[in-house]
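Asker: sequence below, structure please.
(chains A and B)
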Protein chains: 2
Amino acid sequence: MASQKGMLLVVSGPAGVGKGTLVKRLLEEDGSFGFSVSVTTRAPRPGEVDGVHYHFVTEEAYDELLAQDAFLEHAQVHSHRYGTLKSEVFSRMERGESVVLDIDVQGALNVMARFEDCVSVFILPGSFRELRARLEGRGTEQPEEVERRMRNARREVLEQPRYRYTLVNRTGEADAAYASLKAIVEAEKLRSTRFFPEVPED
Amino acid sequence: MASQKGMLLVVSGPAGVGKGTLVKRLLEEDGSFGFSVSVTTRAPRPGEVDGVHYHFVTEEAYDELLAQDAFLEHAQVHSHRYGTLKSEVFSRMERGESVVLDIDVQGALNVMARFEDCVSVFILPGSFRELRARLEGRGTEQPEEVERRMRNARREVLEQPRYRYTLVNRTGEADAAYASLKAIVEAEKLRSTRFFPEVPED
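Answerer: Numbers count the residues shown, from 1 in each chain, chains lettered A, B, ... in the order given. Next up, the predicted model:
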């Protein structure tokens, strides 16, 4: 019988590049994946539900988790803190589930340093102009916040060679980017380190 | 602009597992691949064309190529010799083409030892019964030759963990096996070591 080990998939890239949409679709269409709910100190955006999109916590509660070494990775982004709970990730992988993390570049680099076997994917925008249009289109960011994110993006794209895979998410071509992500996932399920088939007699 | 480096894809597995059919379809459908024509001392089968399916050579000519260190890998299988010419593989990769090698397990292990970055795929049969039926169905092998290949197959499947990927080619499910091979190829094209995208301003 073939057996299968769960994978830790890390999807990352600059803010606004569309990684959340790609990950959401993967979670909807591929039953082998669960989503690890991150802890954050930022305020919920409209429609975000505590315990579903994030665990929203106070600065004090976050400090307590840090002191307990509860995070697989944690990072400060734009004055807010985000962390991935070890307990969330490991309990799922022990059950044979794959886990996908939708995290910023700093957090992804931390995970990659700790887990060489994680499947890391960097998402690039089609162009910087497209990225700016997406950030402005959200309508939730102040102009100075957009500028800050654009500066961060120019620095973050330099980390792309450190990821196992790179894909380009062009505006209007989300299906192509998703097909690329899906190919990566399907190929990684066939890794000999993860897939243990035995040849039966009959 | 994105640029792309060619890959060396090694598809291997026991005789009769259907690797030739998978590779033929990949070559037909994916224009980025070229096929490296091997040198062999065995006689052509009906329909096989010299210079297209193999370079058919005498034992003496093969010895001469060996003496010139002309082979990337070479192996003896069932009393015949097979070799992959370095010149064939490297000239294609220098032109940015990917190369696929359809080779036996012994030859594949030789290539993997020399080129860590090669993309190695092991093809398993759905069962040993299916493999036997395929070998018998060819109609070109004597019963004792079938038995010898079955014994080889049982030894060869033990090498599966040394390949980067493993897939199962079940009789009657060739489309599923091909989809798996295609996912591996598409994912490997997105490897950050192979795919060098730059983010344009516009």
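Asker: wait, doesn't A:Arg114 sit right on A:Leu72?
Answerer: Yes: using CB atoms under 8 Å as the test, A:Arg114 is close enough to A:Leu72 to be in contact (7.1 Å). Where C-beta positions appear, they are placed from N, C-alpha and C, glycine not excepted.
Asker: what's the burial count for A:Asp202?
Answerer: Using other CB atoms under 10 Å in any protein chain shown, the number of residues around A:Asp202 comes to 7.
Asker: meant to ask about A:Gly47, not that
Answerer: By other CB under 10 Å, the residues close to A:Gly47 number 6.
Asker: cool, and A:His74?
Answerer: The burial count assigned to A:His74 is 21, neighbours taken as other CB under 10 Å.
Asker: what sits against it?
Answerer: For A:His74, the contacting residues are A:Leu66, A:Arg81, A:Tyr82, A:Gly83, A:Thr84, A:Gly107, A:Asn110, by CB atoms under 8 Å, 6 or more residues apart in numbering or on different chains.
Asker: cutoff 6 Å now
Answerer: Taking CB atoms under 6 Å, 6 or more residues apart in numbering or on different chains, we find A:His74 in contact with A:Gly83.
Asker: same check on A:Glu186?
Answerer: Under the criterion of CB under 6 Å, 6+ apart, the contact partners of A:Glu186 comprise B:Ala183.
Asker: may I have the helix or strand hosting it as PDB, with CA atoms only?
Answerer: When secondary structure is defined by DSSP states H and E, A:Glu186 falls within helix A:174-189. Included here for helix A:174-189 are C-alpha records, laid out as PDB according to Å, rounded to 0.1, in the frame of the first residue of the first chain:
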ATOM      1  CA  ALA A 174      -4.800  34.100 -11.600                       C
ATOM      2  CA  ASP A 175      -5.700  30.700 -13.100                       C
ATOM      3  CA  ALA A 176      -2.200  30.300 -14.600                       C
ATOM      4  CA  ALA A 177      -0.600  31.100 -11.300                       C
ATOM      5  CA  TYR A 178      -2.900  28.700  -9.500                       C
ATOM      6  CA  ALA A 179      -2.100  25.900 -12.100                       C
ATOM      7  CA  SER A 180       1.600  26.500 -11.300                       C
ATOM      8  CA  LEU A 181       1.000  26.200  -7.600                       C
ATOM      9  CA  LYS A 182      -1.000  23.100  -8.100                       C
ATOM     10  CA  ALA A 183       1.700  21.500 -10.200                       C
ATOM     11  CA  ILE A 184       4.200  22.200  -7.400                       C
ATOM     12  CA  VAL A 185       1.900  20.600  -4.900                       C
ATOM     13  CA  GLU A 186       1.200  17.500  -7.000                       C
ATOM     14  CA  ALA A 187       4.900  17.000  -7.800                       C
ATOM     15  CA  GLU A 188       5.900  17.400  -4.100                       C
ATOM     16  CA  LYS A 189       3.300  14.700  -3.200                       C
END
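Asker: what mean pLDDT would you report for it?
Answerer: Averaged across helix A:174-189, the pLDDT comes to 97.
Asker: equivalent analysis for stretch A:93-101, please.
Answerer: Averaged across stretch A:93-101, the pLDDT comes to 88.
Asker: circling back: tell me the buried residues in the helix holding A:Glu186?
Answerer: Of the residues in helix A:174-189, those buried by neighbour count under the rule 16 or more other CB atoms under 10 Å in any protein chain shown are A:Ala177, A:Tyr178, A:Ser180, A:Leu181, A:Lys182, A:Ala183, A:Ile184, A:Val185, A:Glu186, A:Ala187, A:Glu188, A:Lys189.
Asker: what's the farthest-apart pair in those?
Answerer: Checking the buried residues of helix A:174-189 against each other with CB to CB, the farthest-apart pair comes out as A:Ala177 and A:Lys189, at 19.3 Å.
Asker: next SSE downstream of the helix or strand containing A:Val89?
Answerer: A:Val89 is part of helix A:86-94, with elements assigned from DSSP H and E. The C-terminal neighbour of helix A:86-94 among helices and strands, as given by DSSP H and E, is strand A:98-102.
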